[in-house]
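Colleague: Sequence first, then the predicted structure:
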Amino acid sequence: MKIAKNTVVTLAYQVTDPDGNMVDEGKQPLIYLHGGYGGIFAAIEAALADRDVGEAVVVKLQPEDAFGEYDASLVEMEPRSLFPDNIEVGMQFERASEEGEDDTLFTITDIAEDKVVVDGNHPLAGMALVFSCTVSGVRAATREETMHGHVHGPGGHHHH
């Protein structure tokens with residue numbers, strides 16, 4: 001069965017940077033619903049269309065195809081008093097925006113005596129990525145999956 005709209009695709013994958021450094025070794029297979037549902041980056045989905053089980057695909061993603069360009073305006077300085085005592089550089093925390101939008105994940109990048117620098121960019125923002133994958137499974141999506149726009153069942157999405 002070839003990958004087409006409304007098929008559920010299972011990928012064995014790895015992500016490296018352009019120099020070959022491992023970014024995500026893909027310990028768990030990636031399972032997504034194919035057909036523009038946003039389950040995977042569009043550039044990867046386009047490269048996988050019409051592929052068959054066993055086919056290997058390598059997609060080079062520019063930052064705009066992956067996690068976006070680095071946005072310096074997302075770097076903010078906050079008073080140290082807002083944070084607990086045990087913070088460290090590299091810690092991540094979520095903060096909901098005033099509009100109640102999705103939480104933005106911030107990473108602490110610097111801690112001074114009375115200030116903390118937090119960065120709201122995705123850790124991979126501004127990076128080109130190389131996505132290497134092999135198609136390990138393709139099946140027809142269930143009606144429920146296409147209605148919900150994502151995979152259900154083992155390894156899929158669970159409703160809370």
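Modeller: Here it is on my side, so go on.
Colleague: hey, let's count contacts and neighbours off CA atoms from now on
Modeller: Noted.
Colleague: low pLDDT regions in the protein?
Modeller: Across the chain, the ranges flagged by pLDDT under 70 are 96-102, 154-160.
Colleague: what's around the closest residue to residue 113 other than its chain neighbours, how many residues?
Modeller: Leaving aside its chain neighbours, residue 113 sits nearest to residue 80 (7.3 Å; criterion: Cα to Cα, 6 or more residues apart in numbering). Around residue 80 there are 16 other residues, counting by other Cα atoms under 10 Å.
Colleague: before we move on, what about residue 17?
Modeller: Neighbourhood size, residue 17 [other Cα under 10 Å]: 17.
Colleague: Skipping adjacent residues, who's closest to it in space?
Modeller: residue 129 (4.7 Å).
Colleague: what's the spacing between that neighbour and residue 59?
Modeller: Using Cα to Cα, to the nearest Å, we find residue 129 at a distance of 8 Å from residue 59.
Colleague: where do the helices sit along the protein?
Modeller: Here the chain has its helices, by DSSP state H, at 42-48, 143-148.
Colleague: Now do stretch 12-32: distance to the chain's middle.
Modeller: 11 Å (Cα atoms, centre = their mean, to the nearest Å).
Colleague: for it, which positions count as buried?
Modeller: Buried residues in stretch 12-32, counted by 16 or more other Cα atoms under 10 Å: 12, 13, 14, 15, 16, 17, 29, 30, 31, 32.
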